[in-house]
Every structure is written in C-alpha cells, then in structure tokens.
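1. Fold the following.
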Amino acid sequence: MPRVDVGMVTTALELPGYRIVRNFGIVRGIVVRSRSVIGNLGAALQTIVGGNITILTNLCEKTREDAFELLLQHAAGHGANAVINMRYDATEVMQGVTEVLAYGTAVQVERIS
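-> Below is the predicted model of the structure:
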C-alpha cells in the first residue's frame, strides 16, 4: 500500500526546504487496542517490582506505530507526499480499551530551488 515517506512528516507547520503547493486537509490513523489477560497479569506483576512497566510500554509503542502507519497510508491515498502538524491523541474508550489517533494535515510539497 502506498504511503508518505517518514522523513516527510513533521510536527511543525512547514517542512524546511519545501514549499506547500496543495493542502489535502486532515488525515488520520486510528487504532483501538485492548490489553490481553496475560498482558494484564504481567503488568500487574511488574507494578509490584516498580519501575518501567515494559509490557505496557511495548503495547503503547506498537499501537502508536500502527496508528502512524495508517496515517501515512491515508495521506498517500489523498495524493499527499508530506504531512505537517502531526500529532497523537489517546482516549480510553472503555476500561482496558484505548483508542490511539495519529493525525495531521496532508500536503503536497515541492523542493525550494
């Protein structure tokens, strides 16, 4: 599936060295994920020891990665070659179920000569 190159995504309002020639509007990638029973048990055990709860850290990182990939595909599907003003948001939909949203503005850019 076509996707925008990761190097053409920024949290800024412009991409240095490029001029925006077309704005396609908001694009997003949404993933809704729940923890497994085994993951809950492992996380509970890690909280007893304290420190970084790696099971949940890995779950969060994978979920953000998946949402970001969907954002890149959604932007490319609109004909964009870059995404500006990229952000993440997360909402607990129900106990143990979280939605992660990656969003930004899909644009077509050209290199400034």
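
2. among the helices and strands of the chain, which one scores worst on average pLDDT?
-> helix 37-49 (a mean of 54; mean pLDDT, DSSP states H and E).

3. Now do stretch 2-16: distance to the chain's middle.
-> A distance of 12 Å separates the C-alpha centroid of stretch 2-16 from that of its chain, computed with C-alpha atoms, centre = their mean, to the nearest Å.

4. And it, end to end?
-> Terminal residues of stretch 2-16 lie 23 Å apart, using C-alpha to C-alpha, to the nearest Å.

5. buried residues in the helix or strand hosting residue 66?
-> Following DSSP states H and E, the helix or strand that holds residue 66 is helix 54-77. Under the neighbour-count criterion of 16 or more other C-beta atoms under 10 Å, helix 54-77 has 55-56, 59, 63-64, 66-72, 74-76 buried. Yep, even glycine has a C-beta here, placed from its N, CA and C like the rest.

6. And for residue 109, the neighbour number?
-> The criterion is other C-beta atoms under 10 Å. On that basis, residue 109 has 19 neighbouring residues.

7. Quick one: distance of the longest strand along the chain to the chain centre.
-> Criterion DSSP state E: the longest strand present in the chain is strand 18-34. On the basis of C-alpha atoms, centre = their mean, the separation between the geometric centre of strand 18-34 and that of its chain is 10 Å.

8. and it, what other elements does it pack with?
-> helix 54-77, strand 82-94, strand 97-111 (3 or more C-beta pairs under 8 Å, 6 or more residues apart in numbering; DSSP states H and E).

9. Done for today, thanks.
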